[in-house]
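Chemist: need the 3D shape of this:
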Amino acid sequence: MFDEVIFTMFPDLILYPLWLAIAVLYPIFEALKAVNNKDSDKLRMWMFYLGGGCLLSLVWPVIEIVPYTVFAVLSSIGWYLDWYGEVQIAVAFLLVHPQQLYIKKVLEHVDNDQKMFMDKVGTPVMKAIDGAKLVVAAKFAGLTGGK
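Modeler: Numbering: from 1, shown residues only. The predicted structure is shown next:
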């Protein structure tokens, strides 16, 4: 019934160390270099990348189904290669490539849209946090007898 074989380009034993070097170790090295050179713009860019990577690693188990499904569909309709790991490495490489630095372009885009984002999202979130603080303070005051 299923006599077609799906081949992977490279084994994970090769892909993971390569991804680790490109997506994690190189940006950490560049951030440390920026600290040593006291270059606050580059340090901000690399901290943005590393912070975004940390945030993405927290939500990745939830959103991974989307790219995984795309590659599963592509491999089932005729592309008999599993390119999922290679594409992750390519995206990381594009973001941190020293001559292109797409992460810098992403950071500029975020900076330009920051005011709009704070107006639409930041203000309601801060109001919700302030309301939660009042509720917690009232509960805590009730537990301690108002002290």
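Chemist: run through the protein and note the low-pLDDT ranges.
Modeler: By pLDDT under 70, the low-scoring segments of the chain are 1-10, 78-81, 144-147.
Chemist: show me the strands in it, by range?
Modeler: 7-8, 81-82 (DSSP state E).
Chemist: go through the lengthiest helix in the chain and flag the buried ones.
Modeler: What stands out as the longest helix in the chain, according to DSSP state H, is helix 40-63. For helix 40-63, the neighbour count (16 or more other C-beta atoms under 10 Å) marks 42, 43, 45, 46, 48, 49, 50, 53 as buried. Where you see a C-beta, it was placed from the backbone N, CA and C, and this is true even at glycine.
Chemist: packing partners of that helix?
Modeler: helix 26-37, helix 102-117 (3 or more C-beta pairs under 8 Å, 6 or more residues apart in numbering; DSSP states H and E).
Chemist: quick one: distance of that helix to the chain centre.
Modeler: Relative to its chain's centre, helix 40-63 lies at 5 Å (C-alpha atoms, centre = their mean, to the nearest Å).
Chemist: need the contact partners of that helix.
Modeler: 23-24, 27-28, 30-31, 33-35, 95-96, 101, 103-104, 106-107, 110 (C-beta atoms under 8 Å, 6 or more residues apart in numbering).
Chemist: from residue 122, how far off is residue 130?
Modeler: Counting by C-beta to C-beta, to the nearest Å, the gap from residue 130 to residue 122 is 12 Å.
Chemist: do the same with residue 104
Modeler: Applying C-beta to C-beta, the value for residue 104 to residue 122 is 23 Å.
Chemist: next one: residue 83
Modeler: 38 Å.
Chemist: same deal with residue 101?
Modeler: According to C-beta to C-beta, residue 101 stands 27 Å off from residue 122.
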